[in-house]
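S.K.: sequence plus the predicted model coming up.
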Number of protein chains: 2
Amino acid sequence: MRSSDLPEVRDLQLFRSMSEERFAELMQAAYLQTFPAQLDLIAEGDSADFLYVVVEGCVELYASWNDRQATMGMVHPIGTFILAAVIKDAPYLMSARTVDKSKVLLIPAEDVRQVFEADSDFARAIISELADCYRGMVKEHKDLKLRSAVERLANRLVSFEKEQGGTGELVLPYDKRKLASMLGMTPENLSRALNTLRPYGVDVDGNVIRLTDMPALTTLAKPSALIDDRTT
Amino acid sequence: MRSSDLPEVRDLQLFRSMSEERFAELMQAAYLQTFPAQLDLIAEGDSADFLYVVVEGCVELYASWNDRQATMGMVHPIGTFILAAVIKDAPYLMSARTVDKSKVLLIPAEDVRQVFEADSDFARAIISELADCYRGMVKEHKDLKLRSAVERLANRLVSFEKEQGGTGELVLPYDKRKLASMLGMTPENLSRALNTLRPYGVDVDGNVIRLTDMPALTTLAKPSALIDDRTT
DNA sequence: GACGTTGCTTGATAATTATCAAGGATCCGA
DNA sequence: TCGGATCCTTGATAATTATCAAGCAACGTC
């Protein structure tokens, strides 16, 4: 791959501060591949051979145990995943599969480790990225541990609406089955939870949702920057 | 504080690789303080003024929302907490309070940030520590999302027994109320869950628990390195 | 346009987990 | 040694969440 191919990747917080030549070094060994939807990219337990960057499409991170599965996160462009496993040279803790047809950059783990040993700017960027990932996971955990299913849904809807411009309308970024798993509930329960929220001005039309009574919804949801803010 | 005061702290993975003078620099500005039990050290939302190192005793990390509380983790000697907030200079996402009388080292956040900018060995150590914290949180999240209360308890007991030497006996490292909150259930439910596990050789005597039928218990618990292993 | 497929919803029911209330045990200070 | 805590347990009940079984609607293929 040529480093000029992907200005968006160059612009990632993770790579922005590194020197042009280091970046070129990393990209030289990287592959840019397009995968169809619903394709497994990695399985938990695998050794960390690549750092992944989602360039186009959408990737689901999920975990399995005893025939059960749970969505752990969704990665949208431009986002990376399984950085921690790459850094530690440890087995992945999560599996990943494409949701839609997706373009993904694969950077050999060995190169990432080598460059971060040599380039302290890159090391600092990794620190920042890891800290963000950690704090994101803490927030997810708080969400699940402190809130009921309806409360989690209400807050997610409020978040989506805000992220999408605060127009009072939002489009679910993936199907309801995945949203349910992301929120830690069954699809049936998500359906019922949406009904529960109807009196709070939540109007569902397929994957378009209108929030017509924001005061009521936020009174129920009680969003908190320390749980729901994806940027802080 | 003199850096010679705390060889255990010097020996922390986080500080081991840094130069003697950098370490001295960090420690010069640090306070070593002893706190009584049940004392609040930090509250979520506070700005990250210090990095904390538990030298003696035990500290509980917890989170609150809407009059609910959940234990997020327990920090034993020698362990650090809220590194990510310090690095990002962002508000703490968790509160912390002593469980027992505890000796805690407080390192001004500004110094930590300054030293990690200057010392790339320290930066690498921070990366490693953050990656561990992240992976630990992922495991906690998987545990909660994929398992029932009884399954979480069974696995925790198996983990404790292993950590304490594999003698078939374990001592709960903190009271049942906190264990329950750590496992994401009520104290009442923990009590019942322990009864549920009696047929699987779980004999409770106060905070001492004997596991007399390991095969049966592990068949139920199905421990997984990708969830229960605190070291990988 | 018929037909299967898929995703979503609904209803009935069951399992899990929480809440409320009370009782027992233990520990500690007066 | 006698309260008075605190912690844990138990029982009864309620709320939450999951499971199972249909059914419906949208969509693409043929």
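M.R.: Good, I have the coordinates.
S.K.: what angle sits between the longest helix seen in chain A and helix B:120-146?
M.R.: Taking DSSP state H as the criterion, chain A has its longest helix at helix A:120-146. Between helix A:120-146 and helix B:120-146, the angle comes out at 20 degrees (axes from the mean of the first three to the mean of the last three C-alpha atoms, to 10 degrees).
S.K.: quickly check: the helix or strand following helix A:120-146 near DNA strand D or not.
M.R.: Per DSSP states H and E, helix A:120-146 leads on to helix A:149-163 as the next helix or strand towards the C-terminus. Yes. Contact of helix A:149-163 with DNA strand D (C-beta under 7 Å from any atom of the strand) involves A:149-150. Heads up, the C-betas are built off the backbone N, CA and C, glycines and all.
S.K.: which parts of the least confident helix or strand in chain A by mean pLDDT are buried?
M.R.: The helix or strand of chain A with the poorest confidence is helix A:7-10; it has a mean of 82 (mean pLDDT, DSSP states H and E). Buried residues in helix A:7-10, counted by 16 or more other C-beta atoms under 10 Å in any protein chain shown: A:9-10.
S.K.: if we can go back for a sec, can the longest helix of chain A be found next to chain B?
M.R.: Yes. Against chain B, helix A:120-146 shows contacts by C-beta under 8 Å from any C-beta of the partner chain at A:120, A:123-124, A:126-128, A:130-135, A:137-142, A:144-146.
S.K.: secondary structure element holding the residue lying closest to residue A:180 once chain neighbours are set aside?
M.R.: Spatial nearest neighbour of residue A:180, chain neighbours left out: residue A:190 (3.9 Å); criterion: C-beta to C-beta, 6 or more residues apart in numbering or on different chains. Using DSSP H and E, residue A:190 sits within helix A:187-196.
S.K.: return the alpha-carbon coordinates of that helix using CSV.
M.R.: This file holds the C-alpha atoms of helix A:187-196, laid out as CSV (Å, rounded to 0.1, in the frame of the first residue of the first chain):
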residue,chain,number,x,y,z
PRO,A,187,-34.6,-8.4,20.2
GLU,A,188,-38.1,-9.2,21.6
ASN,A,189,-37.3,-7.1,24.6
LEU,A,190,-36.0,-4.2,22.5
SER,A,191,-39.3,-4.2,20.7
ARG,A,192,-41.2,-4.1,23.9
ALA,A,193,-38.9,-1.4,25.3
LEU,A,194,-39.6,0.8,22.3
ASN,A,195,-43.3,0.4,23.1
THR,A,196,-42.7,1.3,26.7
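S.K.: buried stuff in that helix?
M.R.: Quick answer for helix A:187-196 (16+ other C-beta under 10 Å): A:189-190, A:193-194, A:196.
S.K.: okay if I get these as a markdown table plus pLDDT and distance to residue A:116?
M.R.: Below are these laid out as a markdown table (pLDDT from 0 to 100; distance: C-beta to C-beta, whole Å):
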| residue | pLDDT | distance to residue A:116 |
| --- | --- | --- |
| A:189 | 97 | 42 |
| A:190 | 97 | 40 |
| A:193 | 97 | 43 |
| A:194 | 97 | 44 |
| A:196 | 96 | 47 |
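S.K.: nearest to DNA strand D, of those residues?
M.R.: DNA strand D has its nearest neighbour among the buried residues of helix A:187-196 in residue A:189, at 3.9 Å by C-beta to the nearest atom of the strand.
S.K.: I'd like to know how many residues surround residue A:133.
M.R.: 24 (other C-beta atoms under 10 Å in any protein chain shown).
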